[in-house]
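**Student:** Got a sequence here, can you model it:
(2 chains)
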Amino acid sequence: AQTVTQSQPEMSVQEAETVTLSCTYDTSESNYYLFWYKQPPSRQMILVIRQEAYKQQNATENRFSVNFQKAAKSFSLKISDSQLGDTAMYFCAFKNNAGNMLTFGGGTRLMVKP
Amino acid sequence: NAGVTQTPKFQVLKTGQSMTLQCAQDMNHNSMYWYRQDPGMGLRLIYYSASEGTTDKGEVPNGYNVSRLNKREFSLRLESAAPSQTSVYFCASSEAGTSPYEQYFGPGTRLTVT
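**Tutor:** Numbers count the residues shown, from 1 in each chain, chains lettered A, B, ... in the order given. Below is the predicted model:
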């Protein structure tokens, strides 16, 4: 079974600065998918960014980018120019190639301070 | 296009009572899921339905039953609620085999069992 670990329960960053959230996972598969979801106080789960393991290029979505290190089984999220609206819980998730189920990490609570 | 909808948004039950959480999606997705989210933990899969007419257990199925009523609707039933089932429940849907893959989440139901 796959496991996903987020080692930072809470983090804070000043507005306009950059912050990196960590995620490691364990799998014996070679092809899979990784995701970062944002959960603001409204509770809605919002997909931030996704990465397919067979793609070597790191995914980027505007101010959000990932550092995908396949050999190290590491998938960190970098948020540049942090905004107050980025305050939320962030979850890392894993999906294997064959199925459709997601395995989530325990989450990191990010606070962006003015 | 409402996406994934859940009812109710909040519910308080006494121990031993039963209730059904309703979920519907209007994206014509084949696969649907039920997760629970407890404090300090990520989402954990309770049950899923890969397609209409099929259901399978996830990571934490004990104390729950599900029904895939049709392609749109997937309900979660608690037959005899226990305080350990106090949680936030999320329904999600996805289309199998799509790229890029994404699960779409409902707004969640906060359930308290006293």
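**Student:** which residue ranges form the helices in chain B?
**Tutor:** With DSSP state H as the definition, chain B shows no helices.
**Student:** What of chain A?
**Tutor:** Under DSSP H, chain A gives no helices.
**Student:** What's the local residue count around the residue in it positioned nearest to chain B?
**Tutor:** When scored by Cβ to the nearest Cβ, chain A has A:Phe104 as its residue closest to chain B, at 3.2 Å. To be clear about C-beta, it is placed using only N, CA and C from the backbone, and glycine gets the same treatment. Other residues lying near A:Phe104 total 21 when counted by other Cβ atoms under 10 Å in any protein chain shown.
**Student:** So A:Val19 sits against A:Asp81, correct?
**Tutor:** No: if you go by Cβ atoms under 8 Å, A:Val19 and A:Asp81 don't touch, sitting 10.3 Å apart.
**Student:** Pick out whichever of the two has more residues nearby.
**Tutor:** Legend: neighbour count by other Cβ under 10 Å for A:Val19 and A:Asp81, higher for A:Val19 (20 against 11).
**Student:** Tell me the bridge partners for the closest residue to the more buried one other than its chain neighbours.
**Tutor:** Once flanking residues are discounted, A:Val19 sits nearest to A:Val13: 3.9 Å by Cβ to Cβ, 6 or more residues apart in numbering or on different chains. In this entry, A:Val13 is beta-bridged to A:Val112, by DSSP bridges.
**Student:** What distance do you get for A:Val13 to A:Phe68?
**Tutor:** 21 Å (Cβ to Cβ, to the nearest Å).
**Student:** which one of the two has more residues nearby?
**Tutor:** A:Phe68 (20 against 17).
**Student:** Model confidence score at the more buried one, please.
**Tutor:** On pLDDT, A:Phe68 comes in at 96.
**Student:** Same check on B:Asn1?
**Tutor:** 69.
**Student:** Mind listing what's buried along stretch A:103-111?
**Tutor:** Buried residues in stretch A:103-111, counted by 16 or more other Cβ atoms under 10 Å in any protein chain shown: A:Thr103, A:Phe104, A:Gly105, A:Gly106, A:Gly107, A:Thr108, A:Leu110.
**Student:** right, is the lowest-mean-pLDDT helix or strand in chain A up against chain B?
**Tutor:** Taking mean pLDDT, DSSP states H and E as the measure, chain A has strand A:60-61 as its least confident helix or strand, at a mean of 91. No: using Cβ under 8 Å from any Cβ of the partner chain, we find that strand A:60-61 stays clear of chain B, coming within 11.4 Å at best.
**Student:** Near residue 98, how many other residues are there?
**Tutor:** Answering for chain A, as no chain was given. By other Cβ under 10 Å, neighbour count at A:Ala98 equals 9.
**Student:** The chain in question should be chain B.
**Tutor:** Neighbour tally, B:Thr98, other Cβ under 10 Å: 10.
**Student:** check contacts around it.
**Tutor:** For B:Thr98, no residue meets the contact criterion (Cβ atoms under 8 Å, 6 or more residues apart in numbering or on different chains).
**Student:** hey, what's the residue positioned nearest the centre of chain A bridged with?
**Tutor:** Chain A has A:Trp36 as the residue nearest its centroid, 3.3 Å off, counting by Cα atoms, centre = their mean. In this entry, A:Trp36 is beta-bridged to A:Ile49, A:Cys92, by DSSP bridges.
**Student:** separation between it and A:Ala93?
**Tutor:** 8 Å.
**Student:** one step back: list the contacts of the residue nearest to A:Val19.
**Tutor:** By Cβ under 8 Å, 6+ apart, the neighbours of A:Val13 are A:Val19, A:Ile79, A:Ser82, A:Leu110, A:Met111, A:Val112, A:Lys113.
**Student:** Understood, closing this out.
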